[in-house]
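Trainee: the sequence isn't on hand, but the structure is:
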Ligand code: AMP
Ligand code: ZN
Ligand code: ZN
């Protein structure tokens, strides 16, 4: 009996500590404005981003990983891995060992866990007993129960922006035990309008305003929550955008007619595979006429691309000069009459850089810093949430923690 009373007292004494610990745990909302270039916030159209900069942290830019495309970059942000290590090497690629294809827009392939290596932040957090949620994020809708957030949505670009925010706020009003501490949120407008009308268009400016208003709606909603003071809001973009036009094109397959090959992608970069015996010839011909593009063999990619290790990366990579488009010969001529902006180029080019704004109890106030790297977001957010990140990642906490209030 004595023992029982002792145990009960011990439990009663410990319970408030455990509760206090979990109820003090911060929250992180990670928001992506697709294709929102690093300098868009300087157009005077984004009062809510400006407010975040005044009250929190603003980086000069956020450097994407190569290739500066949507899926590789979103998955790098939540895994801390380069695409050569997390496996989502492009928006559209083939497993050469069995011919299976991964393609954005093909829901079957996008939801198949086989493509996704590494561990996404929501898996890391859930493994450590923390609920997570996602209102869209590449990789969040895989069909494997322990690899997706507790709450997630199948991608549907038509869901109104305010409805997405309302759902996030509703998640944050759930009872403590069901409430997610890490939430992702995604909006495409800056990418969609940037492609269609170009980065200098009035249409793109309207998209910038719309996104900033959506952000204001979210920030007001968060401030009104009982746990509002514990919420960190991080706004990023996956890459930037550059102007393209029909005068800057290269018919990349011209001169290769007698050399059977397979070409993947178009525009800023193409990947070429062929029989081993033909590759040196293809490489040589592309190199001879190298003009407004660079051709690389897998073993001679610039090291900062970190783009050679994964076995699905084809033997040859051709990267266009910024603003130029590589078009296979069969490509419909209408492409460039419809597109005015693109991304996917060299990730060191500033036009490919995105944004980083963050506000909340974890972040310094009114702090401006230089370029950050998006692979460092995973260890940063793990640190804020107080969880152990996965080992053997490419991201580094030491490179980014200086933006935290209690950072090094
Ligand atoms: P891109 O400009 O080709 O790199 O990709 C941008 C497009 O990816 C957006 O316009 C969306 O249509 C699409 N997209 C973004 N997130 C998702 C997602 N989670 N699932 C499917 N498609 C997505
Ligand atoms: Zn994108
Ligand atoms: Zn895009």
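Mentor: All right, it came through fine. The structure displayed is predicted, hence computed values, not measured ones. Ligands and ions are numbered 1, 2, ... in the order given.
Trainee: nearest residue to whatever residue of the stretch 101-250 of the chain ends up closest to ligand 1 other than its sequence neighbours?
Mentor: Ligand 1 sits closest to residue 155 of the stretch 101-250 of the chain, with a gap of 3.2 Å, by CB to the nearest ligand atom. Glycine gets a C-beta too; all of them are placed from N, C-alpha and C. Leaving aside its chain neighbours, residue 155 sits nearest to residue 136 (5.5 Å; criterion: CB to CB, 6 or more residues apart in numbering).
Trainee: thought that neighbour was touching residue 153?
Mentor: Yes - between residue 136 and residue 153 there is a contact under CB atoms under 8 Å: 6.0 Å.
Trainee: quick one: the helices in the protein?
Mentor: 2-23, 47-55, 70-79, 83-86, 107-110, 121-127, 161-171, 189-197, 202-223, 279-288, 335-338, 377-385 (DSSP state H).
Trainee: same for the fourth one, what does it pack against?
Mentor: What it means is helix 83-86. helix 70-79 (3 or more CB pairs under 8 Å, 6 or more residues apart in numbering; DSSP states H and E).
Trainee: residue contacts, the nearest residue to residue 291 once chain neighbours are set aside?
Mentor: Of all residues not flanking residue 291 in the chain, residue 250 sits nearest, at 7.1 Å (CB to CB, 6+ apart). By CB atoms under 8 Å, 6 or more residues apart in numbering, the contact list for residue 250 reads 291, 292, 293, 320, 324, 325, 326, 327.
Trainee: what is residue 250 paired to in the beta sheet?
Mentor: residue 326 (DSSP bridges).
Trainee: which bits of this structure sit near ligand 2?
Mentor: 34, 35, 70, 191, 238 (CB under 5 Å from the ion).
Trainee: ok, of those, which one's closest to ligand 3?
Mentor: residue 191 (4.1 Å; CB to the ion).
Trainee: the nearest residue to the closest one once chain neighbours are set aside: what's it in contact with?
Mentor: Excluding the flanking residues, the one nearest residue 191 by CB to CB, 6+ apart is residue 35, at 3.2 Å. Contacts of residue 35 were listed using CB under 8 Å, 6+ apart, and they are 70, 190-191, 194-195, 237-241, 341, 343, 354.
Trainee: among the residues you listed, name the buried ones.
Mentor: Buried residues within these, counting neighbours by 16 or more other CB atoms under 10 Å: 70, 190-191, 194-195, 237-241, 341, 343, 354.
Trainee: closest one of those to ligand 3?
Mentor: For those, the nearest to ligand 3 is residue 191 (4.1 Å; CB to the ion).
Trainee: distance-wise, check the closest one relative to residue 239.
Mentor: Applying CB to CB, to the nearest Å, the value for residue 191 to residue 239 is 9 Å.
Trainee: identify the contacts common to those two.
Mentor: With CB under 8 Å, 6+ apart, residue 191 and residue 239 have common neighbours 35, 70.
Trainee: before we move on, the earlier item: would you list the residues of the chain next to ligand 2 in CSV and tack on pLDDT and distance to residue 115?
Mentor: Converted to CSV, the residues of the chain next to ligand 2 look like this (pLDDT from 0 to 100; distance: CB to CB, whole Å):
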residue, pLDDT, distance to residue 115
34, 98, 20
35, 98, 23
70, 98, 15
191, 98, 22
238, 98, 18
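Trainee: now narrow those residues to whatever sits close to ligand 1.
Mentor: Among the residues of the chain next to ligand 2, proximity to ligand 1 is found for 34, 70, 191 (CB under 6 Å from any ligand atom).
Trainee: could you check how far residue 134 is from ligand 2?
Mentor: 16 Å (CB to the ion, to the nearest Å).
Trainee: and the nearest residue to that residue once chain neighbours are set aside, how many neighbours does it have?
Mentor: Closest residue in space to residue 134, ignoring its immediate chain neighbours: residue 140 at 3.9 Å, by CB to CB, 6+ apart. If you count neighbours by other CB atoms under 10 Å, residue 140 ends up with 27.
Trainee: and the pLDDT at residue 14?
Mentor: Predicted confidence (pLDDT) for residue 14: 47.
Trainee: ditto for residue 264
Mentor: 89.
Trainee: residue 63 too?
Mentor: In this prediction residue 63 is given a pLDDT of 98.
Trainee: could you pull up the residues touching residue 134?
Mentor: Contacts of residue 134 by CB under 8 Å, 6+ apart are 122, 140, 141, 148, 149, 151, 152, 153, 183, 184, 185.
Trainee: these two touch, right, residue 162 and residue 213?
Mentor: No - distance between residue 162 and residue 213: 9.2 Å, which falls outside the contact criterion (CB under 8 Å).
Trainee: who has more neighbours, these two?
Mentor: Neighbour totals were compared for residue 162 and residue 213, and residue 213 leads with 16 against 13 (other CB under 10 Å).
Trainee: residue contacts, the more buried one?
Mentor: Taking CB under 8 Å, 6+ apart, one finds residue 48 in contact with residue 213.
Trainee: can you rerun that using 10 Å?
Mentor: 45, 46, 47, 48, 161, 162 (CB atoms under 10 Å, 6 or more residues apart in numbering).
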